[in-house]
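>>> Here is my input; please provide its structure:
(4 chains)
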Protein chains: 2
Amino acid sequence: MLDYEKAISVAEQKCADRGIRFTRRRKQVLTVLIKADAALSAYEIAELCDAEDDSKMPAMSVYRILELLQDGNLIHRLELANKYVSCAHISCSHKHKQSQFLICDSCRHVEEIDLSSEAVDALQVAASAAGFNSISSQLEIKGWCAQCQPSSN
Amino acid sequence: MLDYEKAISVAEQKCADRGIRFTRRRKQVLTVLIKADAALSAYEIAELCDAEDDSKMPAMSVYRILELLQDGNLIHRLELANKYVSCAHISCSHKHKQSQFLICDSCRHVEEIDLSSEAVDALQVAASAAGFNSISSQLEIKGWCAQCQPSSN
DNA sequence: ACGTAAAAGATACACCATATCGTTTCAGCT
DNA sequence: AGCTGAAACGATATGGTGTATCTTTTACGT
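Okay, here's the model as predicted:
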């Protein structure tokens, strides 16, 4: 898990830079995502927020906040899993233009990885050959983590 | 688009081999998917079936039939798009253990491609390094086709 | 204190998908 | 030809994910 205090202060700074507030609700959502150290659905996030205190986090608010946090590159949305994860690089200086994820099809564990530029290039070459000028900067690959054996695909 | 007549006869044969029927409903769904030459949602398929004749194709039946066709390797389910496409290799002898797709994020056009084994290996190596023993035999990559320019990602 | 804009709340709804159970159809048998 | 059981289909309900829209609250500068 990444450094929580550092991540929150980075988030505060990023919001300040954007001229928006880092409100209690926004902090709640980001906190839940960081502390979970796993991919969560919007509704799971809402439930975990509710568990923190006795207020009621509406699912709508979660979606709005997730979008805002994503725009600030603080979190990522995994389209293959319909889940959200905190960015692995919030609290380090690492600037990644690309995001690549491995998603365990069994236990849903997620690893944010850095593909070699050779691998990315190979994908881009294949895409170009098939008439695709460019590929997304986010790549999601399903697989099976060390703890989980593949059953079928 | 692939050879429709050939594809249907292959489908008939495959169903016969599995000891199941190639019914009117099943033929309708496969026909729609082949003729559309594009990725369709289950509900879009139902609508297009309705447009063919004046019967009412229930969404439930579409899902059941899609699952059956997928088990027969006649179609693919695109998890990134929540859509379905006919397999590009129904009517040829090509046996592909793996499936790779490019999905245009703008117009939703889909290309089924064959990645070089080097590219696949590079992905597997990266996965292994991150603690993933194996990756899925189906890879889906979003991008932008020749007709569509990337706006954002 | 007050006005304004951002943020949050509330409700409704669209879309994708599955569960369950009742009904129809059809191949194979007598 | 009629019977029968399994396969196929139909119908309804429900769950998960996400968006649209409108109202209310909150925070901040003046």
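
>>> and the next element down the chain from the longest helix along chain A?
Across chain A, the longest stretch assigned as helix under DSSP state H is helix A:4-18. Next helix or strand after helix A:4-18 toward the C-terminus (DSSP states H and E): helix A:24-36.

>>> in the following helix or strand past that next one, what's buried?
Next along the chain after helix A:24-36, taking DSSP H and E as the criterion, comes helix A:42-52. Across helix A:42-52, burial judged by 16 or more other CB atoms under 10 Å in any protein chain shown covers A:42, A:44-46, A:48-49. Using the backbone N, CA and C atoms, a C-beta is placed for each residue, glycine as well.

>>> cool, stretch A:24-35 as well?
So, applying 16+ other CB under 10 Å, buried residues of stretch A:24-35: A:25-26, A:28-34.

>>> and the residue lying farthest from the centre of chain A, what does it touch?
Relative to the centre of chain A, and counting by CA atoms, centre = their mean, the farthest-placed residue is A:Ala129 at 30.3 Å. Listed by CB atoms under 8 Å, 6 or more residues apart in numbering or on different chains, the contact set of A:Ala129 reads B:Ile113.

>>> Closest one of the buried residues of stretch A:24-35 to DNA strand D?
Distance to DNA strand D, by CB to the nearest atom of the strand, is smallest for A:Arg25 among the buried residues of stretch A:24-35, at 10.2 Å.

>>> Surely the closest one and A:Ser61 touch.
Yes. Between A:Arg25 and A:Ser61 there is a contact under CB atoms under 8 Å: 5.9 Å.

>>> Around DNA strand C, which positions in chain A sit nearby?
Taking CB under 7 Å from any atom of the strand as the contact definition, chain A meets DNA strand C at A:20-21, A:23-26, A:55-58, A:60-61, A:64-65.

>>> Name the residues of the longest helix of chain A that come out as buried.
For helix A:4-18, by 16+ other CB under 10 Å, it's A:7-8, A:10-11, A:14-15.

>>> now do stretch A:117-126
In stretch A:117-126, counting by 16+ other CB under 10 Å, buried: A:119-120, A:122-124, A:126.

>>> pLDDT score for the closest residue to A:Lys27 other than its chain neighbours?
Counting by CB to CB, 6 or more residues apart in numbering or on different chains, A:Ile8 is the residue found nearest to A:Lys27 once chain neighbours are left out, at 6.8 Å. A:Ile8 is assigned 96 on the pLDDT scale.

>>> Tell me how far A:Ile8 lies from DNA strand C.
15 Å (CB to the nearest atom of the strand, to the nearest Å).

>>> what's the answer for A:Cys87, then?
For A:Cys87, the distance to DNA strand C - CB to the nearest atom of the strand - is 19 Å.

>>> Spell out which residues sit in contact with that residue, please.
Contacts of A:Cys87 (CB under 8 Å, 6+ apart): A:73-76, A:99, A:112.

>>> Take those residues and write them to TSV, including secondary structure, distance to B:Leu69 and neighbour count.
Shown next, in TSV, are the contacts of A:Cys87 (DSSP: H, G, I helix; E, B strand; the rest coil; distance: CB to CB, whole Å; neighbours: other CB atoms under 10 Å in any protein chain shown):
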residue	secondary structure	distance to B:Leu69	neighbour count
A:Asn73	coil	40	14
A:Leu74	coil	41	23
A:Ile75	strand	37	22
A:His76	strand	33	22
A:Ser99	strand	33	22
A:Glu112	strand	35	17
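
>>> Appreciated, that's everything.
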